[in-house]
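Student: Quick one, fold the following:
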Amino acid sequence: MKVKQIKTIGHLRRTIASGHQDFRLYLQGGLFSRKTITLAARGRFHIVNHIDESIQTLSEKQLSTASNVGKAIQKGSLVVLP
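Tutor: Residues are numbered from 1 along each chain as shown. Here you go, the predicted model:
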């Protein structure tokens, strides 16, 4: 199965706008955390963390600096599956 790596927050935004919402954040040891990410009001990102069913709504700045999604994008470990 071919995966599409998310390279920037702008790329994430475009991927969501094209209809994709389910992502995998790869962790050490080959494990992953499934995320459903949608766009919310005022350009915020609405994130459902399926590992514990927690929900976050973050601004672009919060996403890039204070979330594991932003860190995963920087490390190249956030992907969307076809």
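
Student: what's the closest non-adjacent residue to residue 78?
Tutor: residue 72 (4.0 Å; C-beta to C-beta, 6 or more residues apart in numbering). Where you see a C-beta, it was placed from the backbone N, CA and C, and this is true even at glycine.

Student: what do you get for residue 16?
Tutor: Nearest non-adjacent residue to residue 16, counting by C-beta to C-beta, 6+ apart: residue 39, 5.5 Å away.

Student: Pretty sure the one you found sits against residue 46.
Tutor: Yes: under the criterion of C-beta atoms under 8 Å, residue 39 makes contact with residue 46 at 7.2 Å.

Student: Report the contact partners of the closest residue to residue 4 other than its chain neighbours.
Tutor: Leaving aside its chain neighbours, residue 4 sits nearest to residue 80 (5.0 Å; criterion: C-beta to C-beta, 6+ apart). Neighbouring residues of residue 80 by C-beta atoms under 8 Å, 6 or more residues apart in numbering: 3-4, 6, 15, 20, 22-24.

Student: Am I right that residue 23 sits in a strand?
Tutor: Yes: counting by DSSP: H, G, I helix; E, B strand; the rest coil, residue 23 is located in a strand.
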